[in-house]
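Asker: structural data only, the sequence is not supplied:
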């Protein structure tokens with residue numbers, strides 16, 4: 001007996017419900033995009049504004065807010081099609097706007113993702129999710145935005161805000177779009193079979209290397225700030241970190257482009273790895289510094305989220321635990337031990353340690369993906385059939401080499417092109433703030449302060465309220481992770 005499809009699930013009910021539209025997938029994808037957007041605004045805006053010294057709270061938060069807005073506009077005018085459009089070069093798509101209704105209302109499609117066998121026959125068909133292009137454009141936009149904002153974490157407390165305004169569209173155009181097309185949009189790394197489920201390389205490795213490189217060209221914070229840079233509000237920092245953690249459900253859960261079983265697997269693995277990494281980092285702080293650092297716990301949470309990102313829907317739960325143990329210990333070692341002993345790392349002033357939390361953790365996650373990727377899970381997501389990690393034998397050993405090579409390409413491209421961008425910007429504007437702005441902070445740069453009210457709504461006046469300084473001397477100097485950033 002023929003079954004009747006409920007009216008609510010029938011297509012062609014109106015012009016806005018075409019037959020190809022899957023309402024569940026579309027709803028989840030827009031929710032996932034909103035979750036990722038909330039990671040940036042207000043998540044990283046809050047985190048950056050509270051984890052820095054009081055005098056840099058406004059500037060740090062505004063760098064994130066400005067980058068989000070600038071990326072949105074650049075993305076829809078030219079950058080989306082450079083990332084997910086028709087192929088121009090093996091690592092780049094053709095630029096063009098994503099603004100017209102004819103383009104945005106048609107079924108989503110990534111034209112360069114059709115994967116072929118060596119004999120020319122189709123191995124995996126083009127990715128065509130069951131929702132409109134408008135949903136895909138916005139989902140990918142918030143990924144682009146958070147990448148640039150993560151990069152900003154290396155530059156807080158000294159980059160000229162006007163130079164930052166110029167830097168953002170240039171870096172998005174010449175760095176981010178190359179990585180995303182190469183690995184996701186149908187570029188050479190995508191078709192070679194390099195695994196990056198949700199951005200371990202595209203987002204975290206590129207932002208870590210881009211931030212570290214830019215930090216070199218911008219130069220360090222003032223000597224006083226490098227010596228003492230306490231967070232101005234640890235509790236508010238935890239609120240930003242919480243948005244970042246829970247928002248990662250959209251980050252990793254949205255990348256199958258559907259509300260399917262692999263999406264559920266990705267979300268669970270994300271939380272397993274993040275929790276494990278946070279605990280391991282905290283235990284290491286207790287063992288070596290005798291105190292559990294709250295900032296350290298947040299760093300461990302972030303490294304766990306970053307490490308699982310390239311593997312989220314490709315590995316089993318036990319592998320997520322192993323990855324959490326490694327993401328809580330390897331970046332901890334590079335940040336807490338190696339950073340203090342290696343002159344290069346110590347010389348370059350990476351304010352929030354983005355090199356460790358994103359570049360190291362992202363590359364580590366990519367390599368571990370090549371080791372632990374489970375064949376059945378790979379078949380649910382990857383264009384190259386029979387993909388697998390090294391522990392499952394077969395072609396798994398080659399997969400590790402692919403992961404190493406793919407990461408090396410992202411590192412090389414971002415280091416070189418970011419340097420060129422910085423040199424170009426430096427011709428027009430100084431990259432670093434003048435010394436008088438570095439001394440004063442937000443009031444000099446923006447004419448605003450994060451904590452401007454004193455007493456009963458009064459503006460702070462040192463004659464009335466006494467001296468206040470971020471550099472107040474305390475009996476016991478802080479130790480551990482808090483002194484790295």
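Answerer: That came through fine. These numbers come from a predicted model, not from an experiment. Numbering: from 1, shown residues only.

Asker: for the stretch 51-200 of the chain, what spans make up the helices?
Answerer: 57-74, 80-84, 101-104, 133-152, 161-171, 177-180, 188-192 (DSSP state H, counting those that start in this stretch).

Asker: mind listing what's buried in the fifth one?
Answerer: This points to helix 161-171. Neighbour counts using 16 or more other C-beta atoms under 10 Å place 163-164, 166-171 of helix 161-171 among the buried residues. Glycine gets a C-beta too; all of them are placed from N, C-alpha and C.

Asker: that helix - contacts with which helices or strands?
Answerer: Under the contact criterion of 3 or more C-beta pairs under 8 Å, 6 or more residues apart in numbering; DSSP states H and E, helix 161-171 touches helix 57-74, helix 133-152, helix 206-218, helix 396-428.

Asker: give me the residues contacting the helix or strand following the longest one.
Answerer: Pointing back at helix 396-428 there. Using DSSP states H and E, the helix or strand that follows helix 396-428 in sequence is helix 435-440. Contacts to helix 435-440, defined as C-beta atoms under 8 Å, 6 or more residues apart in numbering, come from residues 55, 158, 221-222, 225, 432, 444-445.

Asker: could you redo the helices and strands packed on helix 161-171 as JSON lines and give each row mean pLDDT, distance to residue 110 and mean neighbour count?
Answerer: Below are the helices and strands packed on helix 161-171 laid out as JSON lines (pLDDT from 0 to 100; distance: least, C-beta to C-beta, whole Å; neighbours: other C-beta atoms under 10 Å):
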{"stretch": "helix 57-74", "mean pLDDT": "97", "distance to residue 110": "20", "mean neighbour count": "22"}
{"stretch": "helix 133-152", "mean pLDDT": "97", "distance to residue 110": "8", "mean neighbour count": "25"}
{"stretch": "helix 206-218", "mean pLDDT": "97", "distance to residue 110": "19", "mean neighbour count": "27"}
{"stretch": "helix 396-428", "mean pLDDT": "96", "distance to residue 110": "19", "mean neighbour count": "18"}
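
Asker: adding distance to residue 120, write the ones you listed out as JSON lines.
Answerer: Below are those laid out as JSON lines (distance: least, C-beta to C-beta, whole Å):
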{"stretch": "helix 57-74", "distance to residue 120": "37"}
{"stretch": "helix 133-152", "distance to residue 120": "28"}
{"stretch": "helix 206-218", "distance to residue 120": "33"}
{"stretch": "helix 396-428", "distance to residue 120": "22"}
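
Asker: can you say which of those helices is nearest to residue 356?
Answerer: Ranking these by distance to residue 356, with C-beta to C-beta as the measure, places helix 206-218 first at 8.0 Å.

Asker: elements contacting that closest one?
Answerer: Packed against helix 206-218, as judged by 3+ C-beta pairs under 8 Å, 6+ apart, are the following elements: helix 133-152, helix 161-171, helix 354, helix 396-428.

Asker: that helix vs helix 161-171, what angle?
Answerer: Going by axes from the mean of the first three to the mean of the last three C-alpha atoms, to 10 degrees, helix 206-218 is angled at 140 degrees with respect to helix 161-171.

Asker: helices of the stretch 251-400 of the chain, start to end?
Answerer: Counting by DSSP H, counting those that start in this stretch, the stretch 251-400 of the chain has helices at residues 261-289, 294-308, 317-333, 339-341, 343-347, 354, 361-372, 375-379, 396-428.

Asker: a markdown table for the ones you listed, including distance to residue 42?
Answerer: Rendered in a markdown table, the data for the helices of the stretch 251-400 of the chain read as follows (distance: least, C-beta to C-beta, whole Å):
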| stretch | distance to residue 42 |
| --- | --- |
| helix 261-289 | 20 |
| helix 294-308 | 16 |
| helix 317-333 | 25 |
| helix 339-341 | 29 |
| helix 343-347 | 31 |
| helix 354 | 19 |
| helix 361-372 | 23 |
| helix 375-379 | 34 |
| helix 396-428 | 27 |
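
Asker: picking up where we left off before, residue 284: which of the helices of the stretch 51-200 of the chain is closest?
Answerer: Distances from residue 284 to each of those were compared by C-beta to C-beta, and the smallest falls on helix 133-152, at 23.2 Å.

Asker: picking that back up, and the helices and strands packed on helix 161-171: which comes nearest residue 337?
Answerer: Evaluated with C-beta to C-beta, the helices and strands packed on helix 161-171 place helix 206-218 nearest to residue 337, the distance being 17.8 Å.

Asker: tell me what the very next helix or strand once past the closest one is packed against?
Answerer: Next in sequence after helix 206-218, counting helices and strands by DSSP H and E, comes helix 223-227. Where contact means 3+ C-beta pairs under 8 Å, 6+ apart, helix 223-227 is not packed against any helix or strand.

Asker: off-centre distance for helix 223-227?
Answerer: Centroid separation between helix 223-227 and its chain, computed with C-alpha atoms, centre = their mean, to the nearest Å, is 27 Å.

Asker: now do the buried residues in that helix.
Answerer: So, applying 16+ other C-beta under 10 Å, buried residues of helix 223-227: residue 225.

Asker: picking that back up, right, and the helices of the stretch 51-200 of the chain - which one's nearest residue 238?
Answerer: Distance to residue 238, taken as C-beta to C-beta, is lowest for helix 57-74 among the helices of the stretch 51-200 of the chain, at 15.5 Å.

Asker: roughly how far is stretch 91-106 from the heart of the chain?
Answerer: Counting by C-alpha atoms, centre = their mean, stretch 91-106 comes out at 23 Å from the chain centroid.

Asker: nearest to residue 198, out of the helices of the stretch 51-200 of the chain?
Answerer: Sorting the helices of the stretch 51-200 of the chain by C-beta to C-beta, the top spot, which is the nearest, belongs to helix 133-152 at 8.6 Å.

Asker: and the closest one with helix 57-74, angle?
Answerer: Relative orientation of helix 133-152 and helix 57-74, computed by the same axes, to 10 degrees: 150 degrees.

Asker: of the helices and strands packed on helix 161-171, which is nearest residue 342?
Answerer: Nearest to residue 342 among the helices and strands packed on helix 161-171 is helix 206-218 (12.6 Å), distances taken as C-beta to C-beta.

Asker: contacts for that closest one?
Answerer: So helix 206-218 is in contact with 147-148, 150-155, 158-159, 163, 167, 171, 175-176, 179, 348-351, 354-360, 362, 410-411, 414-415, 418-419, 422-423, 426, 431-432, going by C-beta under 8 Å, 6+ apart.
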